[in-house]
Every structure is written in structure tokens, then in C-alpha cells.
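Asker: give me coordinates for this.
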Amino acid sequence: MHFTAHDELQLLVLLAALAAMLAAAAVWRVPVALLFVMGGLVLGFVPGLPHFQLPPELVLVGILPPLLYSSAFFTGLRDLRANLRPISLLAVGAVAFTMCAVAVVAHSVLDLSWAVAFTLGAVVSPTDALAATEVMRRVSAPRRITAIVEGESLVNDGVALVLYRTAVTAVVAGTFSFWNASWHLVLNVIGGIAVGLGVGYLVRQLRRRIDDAPTEVSIALLSGYLAYLPAAAIGVSGVLAAVTIGVYMGWYTPQLTNGTTRLSGNAFWEITTFLLNALLFALVGLQLHGILDRLGDHSTASLVGDAALVSVVVIGARLAWIPFNVYLPRLLFPRIVERDPYPPWQWPLIIGWAGVRGAVSLAAALALPTDFPHRDLIIFLTFSVILVTLIGQGLTLPWLIRALRVVDDGGAEREDAKARVKASEAALARLDELVAEGWVFEDTAERARGQYNFRANRFRNRYHGVDDEGTEHRSQQYQRLRRELLEAERQAVIGLRNDGVITEDVMQRVQRDIDLEDIRLDL
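Answerer: Here you go, the predicted model:
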């Protein structure tokens, strides 16, 4: 392939624009997806830039598996179990209700066939937790709300895409049987979970025998594909397979890896998921110009009206479903109230308003076959729903949380303190065992014992919410001192490198140790 100066200039403009959007997202603290959608949309209409056409297979097979795997990997199994009922009702009930509501409107108003209308409904039914949970953590929303929204987005991806596949199959085949579709739905779910567990077990056995950070992180990247592809090949849900292996490996990975691998893996996934989401939204924005050109037989007013109608239905259907999700089970089964009392009325409202759409809907729309009926219209409407929910819900969610005066109950911080107290107590008990073996110097043991006792007291006070001895203040002063000293170390090492006393490699090794000490400080 030969690149001309014009091609290189186009690439430079695109890369510079992407870098500017990344910087703007960090400075303005707005959802990255929103900036990339808007930025890609603007770039798509810049004269002279090429019109992009994403291959459908690239989106569904190339981008989705690692996104699903990483989301599932970092979703706690405990939170999923603790909130299984509300998550299931949202992931299945809200998805099905939204899909049916959108399908009815699309069939009766937009004049789409039932199969195509249900396909559109399935595409826009799953929520995306990335923007919503980012906002919730920023404004310190209650942990359970965040856990429910995250868990829902994880499970409803699989449910929605199984329904999506059923609807697409009905369009392509030209026939639809309710019982046949129901049977295939159950088979898809069970088969996808089974493949995910089977591949997860094999990957776990492989990683038990490896102790090399780059290799383990690479296998983790491939794990989503290793589950997705065989599941898709045998005709079951590759999405649920990727989600299942993510949850499975998220539970067992702490027992399989060392500190270096965990630090490398966390950094890798943070950057990878960020870039994949950004790339997906930016490329869709770039494609929209071509899509609008192909929708030339639709007037601008009708396109805007259709987009507004579908967006209102998507948002309204979720808000309408929330009372069924929260109150109906407790009315039908009073024993639920004994275990899980009615939440404050603000919580359901926030969960209902957190239904932002994102990457999964986008990937599903783009993965439609190129000859699928009304494909361009479905992509446009999906893009519009994502844009409306990102702006209308994503940007107003922090305002709503503050207006309703919903704050974090501090449960996560108390658990953090409890875990650190338990870890310190375990270290002190092990220290006594090692001293009894006779090989630990007494002054070394006393120094370590003093550090762990101070740490245990500090977090014990934090857990109970008291600090009569000023332990927290002393700890903060010490950490501030350590950070100043570490910065002095860092500058000294950089100075040695600049003066030619040490090599770049030596500086990197020493600086890494300094940075690790810095990361341990929680001031």
C-alpha cells in the first residue's frame, strides 16, 4: 500500500483530532463516549477526509469480546450474587420490555416490518455502564446503586444480543416461530454459559503453569476471543461465553498471578477498554456522513422526528419498568421485604435515569449484514439514541444525584478498612511465628511490629469512625513527608541520567521502585 502526502495529511488530522478529544475529555471531565461521538460526527463532515465503512464482522468479532471480557472481569461476583434479583429483573425484564415497546412504535409509526422492528428494539435495549458508573463514582453515589447498574449492563448485554440474534435470523430466514425462537433462546443462554465455563477452566489451568506477566496479560486479552469464537461456531451465544469467562477468571485470577502481573494487567485493561470504546465511537461518528447520504430519500424533519420518538420510547420504557422492578416483587412476596426492605424512592429514579446506551448497541447495529433491510436507518437511530442518552441522561445524572441528596453510605470505605485491619493482623500473627523460629533479629521484628500495629490501629479507627489519638493526622503527615522525599529521590535519579552518570535502563528500574512506593501512599 502506497501512502501519498495527502493520505498522510489526512491521517495526521485524524490523529491530532483524536488526541485533542482525549485531552478535552480529561480536562472537562465529561463522558469520553460523548466527546468521541460528537468529534467523529464533526470530522465526518470535514471536506477532504475519507468516509469510513466498518466491516460488520470486525465490530462484533474484533471489538466486542475484549470489551465484554474486561467488563465481566472487573465486576465482583459477590455484588452480582447480592443483587441478583434486581439485576435479573432489569437485565431480562427491562430489556424485553424496551425491545417490545420500541418494536411496536417502529412497526406502527416508522412502518418497519415486525422482524426489523424487533431487531431495532434489541439493538437499543441494553444499557452501557461506562458513562453512568463513571459519573456515580465521581459524585459518590451509594455503592449498591452503582453495583446494580454495573451488573445490569453486564448481564443485559448477553440477553439483548441473544434476542438481537434471534430477530436477525428471523429477518434473514423470512419466518418466525415463537416456540422455535424460545427454544433457541434457552439453548443460546445455556450453551454460551457452558462454553464460557469450559474455556475458562482450560485457561485457568494454563495460567497456573505460567509465571510471566506479558504472557499472562496476552492470554487474558485472548480469553474473550477464545470463548466467543467457539461458542459462535457451534451456534450458541458468544456474548454470554465471553461474559462468563470474564466473571470466572475475575474470581480465580488473584490466586493465579503475582503483584507484577496484576499491576500490568490492570493498567493494560484500563487503557485497552478506553481506546476500544473511543475508537468505536469515533469511527461511527466518521461513518455517519455516508449513512446520511444513503438516507437521502428521508427528509431531515422525518429523520429527526423518528430519532426523537425512538429515544423517548427507550428512556420512557426504562422509567416505566422501574416500579415493576422495585415494588412488584415485594408486593407479591412479602418475605423479600424482610431480607431487603424497600429502598428510598430516590434510588429507583436514579437507576432508571442511568440507562445510558453505548458501545454494545453501537456494535450490534454496525454488525448487521450489509444487505439487511433498513440497515442505515437502524444505525442512524441507534446513533441518535446513544447521543440523546449520553447528553440527556449522562450529563444530567450528577445533577440529579446531588438534587436528590443521595450520598454514599460509606460501606465501601468500611470494607476497605476492615480488609486492611485483617491483613495487618494476619501479618502480625505470621511475624510472631517467624520470630519463634529464631532467625528474625529482634530489632527487625520490633520495627515491623510497630509498623503493622500503627497500620491496624489507623484502619480500625477509620472503620469505627473515631480517631481520638490523632492517628489519621499523623499518618497523613508521614505520607506527605514520604511523598516529598520520594520526589527528591526521583529528581536525583533523573539528574544522574541527564548528566550521563547512569543509563536510561538503570533510571527506569530505580524510578519504577520509587513509583511503586508512591502508589502505596493513599494521601
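Asker: what's in contact with stretch 295-305?
Answerer: Leu292, Asp306, Asp376, Leu377, Phe380 (CB atoms under 8 Å, 6 or more residues apart in numbering). (C-beta placed from N, C-alpha, C; glycine too.)
Asker: now tabulate those in JSON lines and tack on secondary structure and distance to Asp408.
Answerer: Formatted as JSON lines, these follow (DSSP: H, G, I helix; E, B strand; the rest coil; distance: CB to CB, whole Å):
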{"residue": "Leu292", "secondary structure": "helix", "distance to Asp408": "43"}
{"residue": "Asp306", "secondary structure": "helix", "distance to Asp408": "40"}
{"residue": "Asp376", "secondary structure": "helix", "distance to Asp408": "44"}
{"residue": "Leu377", "secondary structure": "helix", "distance to Asp408": "42"}
{"residue": "Phe380", "secondary structure": "helix", "distance to Asp408": "39"}
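Asker: format these as a markdown table; extra columns: pLDDT, distance to Arg405 and neighbour count.
Answerer: As requested, the contacts of stretch 295-305 are exported to a markdown table (pLDDT from 0 to 100; distance: CB to CB, whole Å; neighbours: other CB atoms under 10 Å):
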| residue | pLDDT | distance to Arg405 | neighbour count |
| --- | --- | --- | --- |
| Leu292 | 80 | 43 | 16 |
| Asp306 | 95 | 38 | 19 |
| Asp376 | 89 | 45 | 20 |
| Leu377 | 93 | 42 | 21 |
| Phe380 | 91 | 39 | 22 |
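Asker: reformat these as CSV; add distance to Leu22.
Answerer: Shown next, in CSV, are the contacts of stretch 295-305 (distance: CB to CB, whole Å):
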residue, distance to Leu22
Leu292, 26
Asp306, 32
Asp376, 29
Leu377, 31
Phe380, 26
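Asker: and which of those is nearest Arg262?
Answerer: Phe380 (42.3 Å; CB to CB).
Asker: my read is that Asp467 contacts Asn461, right?
Answerer: Yes: between Asp467 and Asn461 a contact is recorded at 4.7 Å, counting by CB atoms under 8 Å.
Asker: so which of those two has more stuff around it?
Answerer: Higher neighbour count among Asp467 and Asn461: Asn461, with 19 against 15, using other CB atoms under 10 Å.
Asker: for the strand or helix carrying that one, which outside residues touch it?
Answerer: Assessed by DSSP states H and E, Asn461 sits inside helix 442-464. The contact list for helix 442-464 (CB under 8 Å, 6+ apart) reads 413-414, 417-418, 420-421, 424-425, 427-428, 431, 434-435, 467-469, 471-472, 475.
Asker: ok, which stretches of this structure are strands?
Answerer: Read by DSSP state E, the chain holds no strands at all.
Asker: tell me which helix or strand in it has the weakest average pLDDT.
Answerer: Within the chain, confidence by mean pLDDT, DSSP states H and E is lowest for helix 56-57 among all helices and strands, at a mean of 64.
Asker: which segments of this structure make up each domain?
Answerer: Recorded structural domains for the chain (assignment: automatic domain parsing) are 20-409, 410-469, 486-523.
Asker: what's the most buried one of those?
Answerer: Most buried of those by mean neighbour count (mean count of other CB atoms under 10 Å) is domain 20-409; its value is a mean of 19.
Asker: does Asn277 really touch Ala359, like I thought?
Answerer: Yes: using CB under 8 Å, Asn277 is in contact with Ala359, at 5.3 Å.
Asker: which residues does the residue located most distally from the centre of the chain contact?
Answerer: Note on the chain: the largest C-alpha distance from the chain mean falls to Gly438, namely 49.6 Å (CA atoms, centre = their mean). Residues in contact with Gly438 (CB under 8 Å, 6+ apart): none are found.
Asker: then Ser71?
Answerer: Ala129, Ser153, Leu154, Asp157, Val243, Gly246, Thr273.
Asker: kindly report the same for Val407.
Answerer: Ser140, Ala141, Pro142.
Asker: and of those, the nearest to Val388?
Answerer: Using CB to CB, the contacts of Val407 come closest to Val388 at Ala141, 22.0 Å.
Asker: quick check: pLDDT value at the nearest residue to the closest one once chain neighbours are set aside.
Answerer: Distances taken as CB to CB, 6 or more residues apart in numbering put Ile401 closest to Ala141, at 5.5 Å, once the chain neighbours are dropped. pLDDT recorded at Ile401 is 89.
Asker: ok, Ile401 to Gly192 distance?
Answerer: 35 Å (CB to CB, to the nearest Å).
Asker: which residues does Ala232 contact?
Answerer: Here Ala232 is in contact with Val61, Gly238 (CB under 8 Å, 6+ apart).
Asker: and with 10 Å instead?
Answerer: Leu60, Val61, Pro65, Arg165, Gly192, Val195, Gly238, Val239, Ala241, Ala242 (CB atoms under 10 Å, 6 or more residues apart in numbering).
Asker: what about the residues you listed, which are in helices?
Answerer: Pro65, Arg165, Gly192, Val195, Gly238, Val239, Ala241, Ala242 (DSSP state H).
Asker: and those residues, which is closest to Phe333?
Answerer: Gly192 (29.2 Å).
Asker: surely that closest one touches Val239?
Answerer: Yes: Gly192 sits in contact with Val239 when judged by CB atoms under 10 Å, with a separation of 6.8 Å.
Asker: common neighbours of these two, please.
Answerer: Common neighbours of Gly192 and Val239 (CB under 10 Å, 6+ apart) are Gly158, Leu161, Val162, Ala227, Tyr228, Ala231, Ala232.
Asker: which pLDDT does the model give the first one?
Answerer: The one in question is Gly158. 78.
Asker: returning to what we had before: and the gap between the residue nearest to Ala141 and Val149?
Answerer: 12 Å.
Asker: again with Asn498
Answerer: 48 Å.
Asker: ok so, going back, of the contacts of Ala232, just say which sits nearest to Val186.
Answerer: Gly192 (10.9 Å).
Asker: ok, the closest one - contacts?
Answerer: Gly192 neighbours (CB under 10 Å, 6+ apart): 158, 161-162, 227-228, 231-232, 234, 236-244.
Asker: 7 Å - rerun?
Answerer: Gly158, Ala231, Val236, Ser237, Gly238, Val239, Leu240, Ala241, Thr244 (CB atoms under 7 Å, 6 or more residues apart in numbering).
Asker: of these, which is the nearest to Val312?
Answerer: Out of the contacts of Gly192, the member with the shortest distance to Val312 (by CB to CB) is Gly158, at 26.3 Å.
Asker: residue contacts, the residue nearest to that closest one when sequence neighbours are not counted?
Answerer: Distances taken as CB to CB, 6+ apart put Leu240 closest to Gly158, at 4.1 Å, once the chain neighbours are dropped. By CB under 7 Å, 6+ apart, Leu240 lies in contact with Gly158, Val189, Gly192, Ile193, Gly196.
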